[in-house]
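*Asks:* next input, structure requested:
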Amino acid sequence: MTQDIDQLSIDTIRTLSIDAVQQANSGHPGLPLAMAPVAYLLYTRIMEHNPKDPAWPDRDRFVLSAGHGSMLLYSVLHLSGYDLPLDQLKRFRQWGSITPGHPERDRVHVTPGVEVTTGPLGQGFANGVGLALAERFLREHYGREVQDHHVFAIVSDGDLMEGIASEAASLAGHLGLGRIVYVYDDNDVSLDGPTDWSFSTEDVDQRFEAYGWHVLSVHDANDLLALESAIDKGMREEGRPTLIRVKSIIGYASPEQGTSEVHGKALGEENVRKTKEALGWDPDRHFYVPDEVREHFDQSARGAALQAEWTQRFRAWREADAGRAAEWDRAWEGKPLPGIAEALSGIDWGKPKLATRSAGQKAMAVFADFVPTMVGGAADLSESTKTEFPGGDAQRYTRGKAGRNVFFGVREHGMGGTVNGMAAHGGIVHPYGSTFLQFADYMRGSVRLSALTGLPSVWVYTHDSVALGEDGPTHQPVEHLAALRAIPGLTVIRPGDANETAAAWRVILEDLDTPVAMALSRQDLPVQENVDAAGVARGAYVLRDADEPQAVIVGTGSEVSTAMEAADLLAEGGVAARVVSMPSWELFADQDEAYREEVLPPGLPSVSVEAGISMGWERWVDRSVSIERFGASAPGLEVLDKLGINPQATADAVRELLAQRTTA
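*Replies:* Got it, this is the predicted structure:
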């Protein structure tokens, strides 16, 4: 092989990728063959990164939004010097490897250099917008000395077809996030066949220009000079995100290049041989890395030098401003400043009944100064969800200023992907997105990925039951709590009053480093006298007891007060009932068996009351008072009553259960 070192390096990426896909007999070889020149340029000439410290706070971020082409990323990470041995490339898509089918930011099987979990198309695109939001906020808050980097991505036709990407692109253009440089792999092919079948009339350039993006074109993915020039122009454009349309040939150099045949399956042994021969490689050598490529490609020394320069600046900055340095340290640990528990335990709610969404607003005002890098917002519902930090326009995230309150607009899914990107960046403590609980459906893909990845994203959902009333069943959640609880790794908290809401925020900010969905009420709820903040942290606790309880009533959220009233009704008839508030199944499940049995004694008849479907409650109780249909348009309290979420129906359910036990 007599190729120059650039070409030899690019073709090493290509051959490693097709060898791994072939060995696994599974994967997507077409994208790595086409986009190897782009990845090579980014990792060897353009991006500032240190393979020996993938967590360096000021590294450039790279997102492979077209996550199906994961072997492209694994190959360049290996060649760049990340701790991703060749043996892991040989174990592509195998059990327990750190080279899964799509890139995963996994806490268990850590793949060094993978910033976000991608694969569901459009998600990485939105994550990159969140990474850029975070970078700009931290740069303005702490200074260019310590935060000053870019976000790069490779995106595909499929990414651009997904609605989440459109939402995120619109937001990025509106906010003028100029540190984004996305390379669009325009290869005229999707998995089904030519993009002419589904994506031919849209002018992508004009669409992104209309979003406010800086759009450039490169006519050949193999033209390194043109690629480098375009990327450089994108990096110099500070006022707009950049999309570089790059024409490529999917499956470049393979016998079936330019067709969907090379998109989503291994090439086959014969075609692997022919591809290598077309590249001038020995077809009998597998997973081969020429010595000169290994030496040339390794970025360890360059990365260490770049980080050393940053470290020198960082130390000078730290010495000049110890206060902000301490704040920085806590932010990168993902923790609030000390004192938050005491602050949240002493809130004066001002009245005996308060919606938990309003209690959340008061709590945010109290803890704002303890989490100076917490950033988030609502999907055009800030007035309703009450999830803004105090400060008005001074705290609004705009083109001119990176404030704490992001107005995401009616872009629920884009909001979700963007919040996950902020969480993945680091330095942003528990970023959040909020909307009505009903619209968790619109962002479920992002919520699921926050759980799969273990990101500390916070999803604040209000109007959490049919009690929101007149807007009717299109806006009234019924199955949504069950649907969120079904996601592994997601903690769902539904506080029952203002005090539980404050306690829940304390748990989120101090105890948890994984995603949380919090469900809050629109209607006012009684402020309970005996709330146990430690019990909230444990997921469930006895709110009211009896000397010799005959039954347990378990409530969540607004139905805690329903349970309390039902207990009163039962007491009038001589039935003693314990009331348990269970704001979080997940937190309760994490407790030891002794505590769970102390709260819910085995053999003691139990009934739950919750304004939603009963699915899942059989784990905790013997019977459920629930809603097994869609809601109705009427005043909220009337809807609850008509659908049987009231004290009388709950008390009747307890009596019926006790009667069944007596006659059994």
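*Asks:* contacts for stretch 273-286 next, please.
*Replies:* Contact partners of stretch 273-286, identified using CB atoms under 8 Å, 6 or more residues apart in numbering, comprise 1, 3, 11, 14-15, 18-19, 23, 33, 253-255, 267, 272, 288. All C-beta atoms are positioned from the backbone trio N, CA, C, and that covers glycine.
*Asks:* got the buried residues for that stretch?
*Replies:* 273-276, 279, 281, 283, 286 (16 or more other CB atoms under 10 Å).
*Asks:* between these, which sits nearest residue 197?
*Replies:* Nearest to residue 197 among those is residue 275, at 25.9 Å by CB to CB.
*Asks:* pLDDT below threshold where in this protein?
*Replies:* Residue ranges of the chain with pLDDT under 70: 1-3, 664.
*Asks:* and residue 360, that's in a strand?
*Replies:* No - applying DSSP: H, G, I helix; E, B strand; the rest coil, one finds residue 360 to be helix, outside a strand.
*Asks:* picking up where we left off before, what's the farthest-apart pair in the contacts of stretch 273-286?
*Replies:* Greatest spatial distance in these: 3 and 23, 24.4 Å, computed using CB to CB.
*Asks:* quick revisit: got the buried residues of stretch 273-286 as TSV, with secondary structure and distance to residue 201 columns?
*Replies:* TSV is the format used below for the buried residues of stretch 273-286 (DSSP: H, G, I helix; E, B strand; the rest coil; distance: CB to CB, whole Å):
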residue	secondary structure	distance to residue 201
273	helix	40
274	helix	36
275	helix	33
276	helix	38
279	helix	36
281	coil	40
283	coil	42
286	coil	43
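*Asks:* ok, so of these, who is nearest residue 159?
*Replies:* residue 275 (25.5 Å).
*Asks:* relative to residue 255, how far out is the closest one?
*Replies:* 7 Å (CB to CB, to the nearest Å).
*Asks:* show me what the helix or strand hosting residue 295 is packed up against.
*Replies:* Residue 295 belongs to helix 291-297 when assigned by DSSP states H and E. Counting contacts by 3 or more CB pairs under 8 Å, 6 or more residues apart in numbering; DSSP states H and E, helix 291-297 packs against helix 5-24, helix 70-80.
*Asks:* identify whichever of those lies nearest to residue 261.
*Replies:* helix 5-24 (13.4 Å).
*Asks:* any idea of the angle that closest one forms with helix 70-80?
*Replies:* Angle, helix 5-24 to helix 70-80, by axes from the mean of the first three to the mean of the last three CA atoms, to 10 degrees: 130 degrees.
*Asks:* chain center to helix 5-24, what's the gap?
*Replies:* 31 Å (CA atoms, centre = their mean, to the nearest Å).
*Asks:* which neighbouring elements make contact with that helix?
*Replies:* Using 3+ CB pairs under 8 Å, 6+ apart: helix 5-24 touches helix 30-41, helix 70-80, helix 86-90, helix 269-279, helix 291-297.
*Asks:* who touches whichever strand or helix holds residue 323?
*Replies:* In this assignment (DSSP H and E), residue 323 forms part of helix 322-333. Contacting residues not belonging to helix 322-333 are listed as 57, 142, 146, 317-318, 336-337, 372-373, 426-429 [CB under 8 Å, 6+ apart].
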